[in-house]
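> Can you look at this prediction? I've put the sequence above it.
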Amino acid sequence: MNILSLLPLSLLYPIAALGYYLVYYIFPYRKHIVRENLVNSFPEKSKSEIIWLEKKFFRYLCDLIVEILKMASISKSELQRRVKFTNLDQVERYFSEGKSVLACTGHYGNWELCMLALGTYLSAPEYVIYKPLNNQIFGNWFYKIRTRFGNHFISMRQTLRAIASTRNEATMFCFAGDQTPVGSEAHYWINFMNQSTPVLLGLEKIAMQTNRPVFYFSTRIIKRGYYEVDCIPLCLDPKSTQEYQITNMQFAFLENILKQEPAYWLWSHRRWKHKQHNAG
């Protein structure tokens, strides 16, 4: 993988195109999960529209894989050329006052490349909350490329400890809140993409306890391999909110993005594997 990453993306994208035909037509990868998720999320779409969207997703998924592969060797200058941020000055104002912020996003676009790039723009340390992979060898390789430019990756179970240990410095803690809770932690359900959906509450709980402002990082695909990420204030005074309000706002924001341009979300994830009547 490290050797392949040395190839320019102009040569990796043809590999991605070949990969699309393999994973869509020859050795289907979670195709039934993608189809089910799309049908349930967009009941108003016809079968032909769903198939078109499904194919667009798989094409992008293969691009995403080679772009992540490229992260192992991408230079800082190329990274910043491919990922631009707008309105980061809103976050930097808090850093200049010695204050910390929280950030959230979804598994939309190339969230990995954007998180890698974000650390090169910020004046304060970036801590990304993640769920460790089951495959330790691949997990170690992935951890190395994710932290190449100084980002810190913290496992979900170590989040509170990391926040406590950095409480005297300005930081940004980043959450991808659209992951699926394990069954025993599915305590709060919302209507998301026309389906009853269990959601994680970690971001909201930390925001309300610390009163750190919350920003949503909204990704837009400019063209193949190029992204623009807008830093949008989601909640600047968490202690003034009601329970679940921040969580509801976060998912309402993501749902609006998916309704506008759905193909770039991770539809192959079994996001709705838990059913509410089995919760608890």
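Nice, thanks for sending it over.

> residue boundaries of the strands in the chain?
Remark: strands assigned in the chain by DSSP state E are 83-86, 101-105, 126-130, 152-155, 172-176, 189-192, 195-198, 214-223, 226-235.

> can I get those strands in a markdown table with mean neighbour count and mean pLDDT?
Any C-beta I mention is one placed from the backbone N, CA and C, and that applies to glycine too. Shown next, in a markdown table, are the strands of the chain (neighbours: other Cβ atoms under 10 Å; pLDDT from 0 to 100):
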| stretch | mean neighbour count | mean pLDDT |
| --- | --- | --- |
| strand 83-86 | 18 | 98 |
| strand 101-105 | 25 | 97 |
| strand 126-130 | 23 | 95 |
| strand 152-155 | 16 | 94 |
| strand 172-176 | 24 | 96 |
| strand 189-192 | 16 | 96 |
| strand 195-198 | 18 | 95 |
| strand 214-223 | 18 | 97 |
| strand 226-235 | 18 | 97 |
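
> out of the ones you listed, nearest to residue 162?
Nearest of the strands of the chain to residue 162, taken as Cβ to Cβ: strand 152-155 at 4.6 Å.

> now the chain, which segments are flagged as low pLDDT?
Along the chain, the parts satisfying pLDDT under 70 run over 277-280.

> which residue ends up closest to the midpoint of it in space?
By Cα atoms, centre = their mean, the chain has its centre lying nearest to residue 107, at 3.1 Å.

> Looks like it contacts residue 268 (just checking).
No. Using Cβ atoms under 8 Å, residue 107 makes no contact with residue 268, being 10.0 Å away.

> how much space between the residue nearest to the centre of the chain and residue 98?
As for residue 107, its distance to residue 98 is 32 Å (criterion: Cβ to Cβ, to the nearest Å).

> excluding its backbone neighbours, what's nearest residue 37?
Once flanking residues are discounted, residue 37 sits nearest to residue 267: 4.9 Å by Cβ to Cβ, 6 or more residues apart in numbering.

> Hmm, I typed the wrong one, I wanted residue 96.
For residue 96, ignoring the flanking residues on the chain, the nearest one in space by Cβ to Cβ, 6+ apart is residue 123 at 8.0 Å.

> Can you add distance to residue 51 and give the strands of the chain back as a markdown table?
As requested, the strands of the chain are exported to a markdown table (distance: least, Cβ to Cβ, whole Å):
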| stretch | distance to residue 51 |
| --- | --- |
| strand 83-86 | 31 |
| strand 101-105 | 28 |
| strand 126-130 | 33 |
| strand 152-155 | 37 |
| strand 172-176 | 28 |
| strand 189-192 | 23 |
| strand 195-198 | 20 |
| strand 214-223 | 21 |
| strand 226-235 | 26 |
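
> Identify whichever of those strands lies nearest to residue 251.
strand 189-192 (5.2 Å).

> Just the residues contacting that closest one, thanks.
Outside strand 189-192, the residues that touch it by Cβ atoms under 8 Å, 6 or more residues apart in numbering are 196-199, 247-248, 251, 254-255, 276, 279.

> close enough to count as contact, the residue nearest to residue 37 and residue 39?
No. Applying Cβ under 8 Å as the test, residue 267 and residue 39 come out as separate, 10.7 Å apart.

> contacts for stretch 51-58?
The contact list for stretch 51-58 (Cβ under 8 Å, 6+ apart) reads 20, 23-24, 29, 31, 34-35, 38, 42, 45, 262-265, 267-268.

> Kindly recompute the last result at 10 Å.
Residues outside stretch 51-58 that contact it (Cβ atoms under 10 Å, 6 or more residues apart in numbering) are 19-21, 23-25, 28-31, 34-35, 37-39, 41-42, 45-46, 64, 261-268.

> Can you give me the neighbour number for residue 157?
By other Cβ atoms under 10 Å, 10 other residues sit near residue 157.

> related to what we said a few turns ago, okay, residue 267 and residue 39: which has more neighbours?
Between residue 267 and residue 39, residue 267 has the larger neighbour count (other Cβ under 10 Å), namely 24 against 13.

> Contacts only, for the more buried one.
Residues near residue 267 by Cβ under 10 Å, 6+ apart: 30, 33-38, 41, 53-54, 57-58, 60-61, 107, 258.

> I'd like to know how far it sits from residue 182.
For residue 267, the distance to residue 182 equals 21 Å [Cβ to Cβ].

> before we move on, the earlier item: give me the buried subset of the contacts of residue 267.
Using 16 or more other Cβ atoms under 10 Å as the burial test, the contacts of residue 267 include 30, 33-35, 37-38, 41, 53-54, 57-58, 60-61, 107, 258 as buried.
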